[in-house]
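*Asks:* Provided below are the primary sequence and the corresponding predicted coordinates.
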Amino acid sequence: MTARDLEDRLAVACAIAREAGALAGEAFRGPQGRAHVFKGHQDYLSEIDAAVERLIRERLLAAFPKDSFFGEEAGGTFGRDVWVVDPIDGTANFARGIAHFCISIAFVRDEKTEVGVIYQPTMDELYAARRNGGASLNGRRMKVSGLTDIRQSTVEAGWSARLPPEPYVALVARLLAAGAQVRRTGSGALGLAYVADGRSDAYCELHINSWDALAGLLLIEEAGGWINDFLAGGGLQRGNALLGCTPALRDILAEAMDLRR
Ligand code: IPD
């Protein structure tokens, strides 16, 4: 696949993310904005999730009919060239009227993320990256913070009910003991995008799914940050532990997460 093919995919993904974001944003502000059910323990499904995913799927497969598609809500297949999509990341926020949510679209070839796009419609923020092409926010080049002192850092530590609470509590305790400020804002994809833009110094989670993570991880890499080998050992299908950070914090955070086990 040539750089030109990837440029095309990036441009199409950006346009689709904006269109999907407009649909999600309209639903968020509308009378049914908070309508939701639970798929499981603390696992929200908003009314608009499926419609946004359908739109993204239709548009992507119309533009690239040979690619495969996997979405959080309706699933799909993981082919050699696959789009991995979370139609609304931060669903719990969306469903409770909190505007911190986004669309996340990644293109993966041979288990390597080549394109990543995240769109936050209520702020009109479009994060975009292509491998070896840099990462941008609304066209402005992004860079990770470059911070070197953990005692000045802000680290986002994500959590989901897929894991028991004890390892999360222990991780947060280790981060606090190391001197980090710890936050959790409820969207893994945006948490990663914020690291790429230097708004946070790291994002970590003991287990997260590929549709939440891939676009944001590429943003961090292309913004000069460090990421763990998330796709190793079946991460695409099963998810994995995740750490993305400004480079100087890598060792101390990997140790806090026990990543070198
Ligand atoms: C969740 C969010 C959350 C993260 C979880 C994800 P969803 O995705 O990204 O911040 O901690 O691991 O499952 O349910 O909002 O699409």
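*Replies:* Structure's in. What do you need?
*Asks:* return the residues of the stretch 51-200 of the chain in contact with the ligand.
*Replies:* Glu72, Asp86, Asp89, Gly90, Thr91, Ala92, Gly158, Trp159, Ser160, Gly186, Ser187, Gly188 (CB under 6 Å from any ligand atom). In this view, the C-beta of every residue, glycine as well, is placed from N, C-alpha and C.
*Asks:* what is the neighbour count of the first one?
*Replies:* Spelled out, that is Glu72. Using other CB atoms under 10 Å, Glu72 has 21 other residues around it.
*Asks:* pLDDT score assigned to it?
*Replies:* pLDDT recorded at Glu72 is 93.
*Asks:* same question for Gly21.
*Replies:* Residue-level pLDDT assigned to Gly21 equals 98.
*Asks:* now name the helix or strand holding it.
*Replies:* Here Gly21 sits within helix 3-29, counting by DSSP states H and E.
*Asks:* off-centre distance for that helix?
*Replies:* 15 Å (CA atoms, centre = their mean, to the nearest Å).
*Asks:* before we move on, what SS does Trp83 have?
*Replies:* Secondary structure for Trp83, judged by DSSP: H, G, I helix; E, B strand; the rest coil, is strand.
*Asks:* domain-wise, how is the chain divided?
*Replies:* Domains of the chain are assigned by automatic domain parsing as 3-141, 150-257.
*Asks:* mean pLDDT for these: which is lowest?
*Replies:* domain 3-141 (a mean of 94).
*Asks:* hmm, back to that, so which of the residues of the stretch 51-200 of the chain next to the ligand is the most crowded?
*Replies:* Asp86 (31 neighbours).
*Asks:* restricting to C-alpha, output the host helix or strand of that one in PDB.
*Replies:* Element membership of Asp86 [criterion: DSSP H and E] is strand 81-89. Extracted in PDB, the C-alpha atoms of strand 81-89 (Å, rounded to 0.1, in the frame of the first residue of the first chain):
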ATOM      1  CA  ASP A  81      -6.800  -4.400   5.800                       C
ATOM      2  CA  VAL A  82      -9.300  -3.600   8.500                       C
ATOM      3  CA  TRP A  83     -11.100  -0.500   9.900                       C
ATOM      4  CA  VAL A  84     -11.500  -0.600  13.600                       C
ATOM      5  CA  VAL A  85     -14.200   1.700  14.900                       C
ATOM      6  CA  ASP A  86     -15.700   2.900  18.100                       C
ATOM      7  CA  PRO A  87     -18.800   5.000  17.100                       C
ATOM      8  CA  ILE A  88     -19.000   6.700  20.500                       C
ATOM      9  CA  ASP A  89     -16.200   6.400  22.900                       C
END
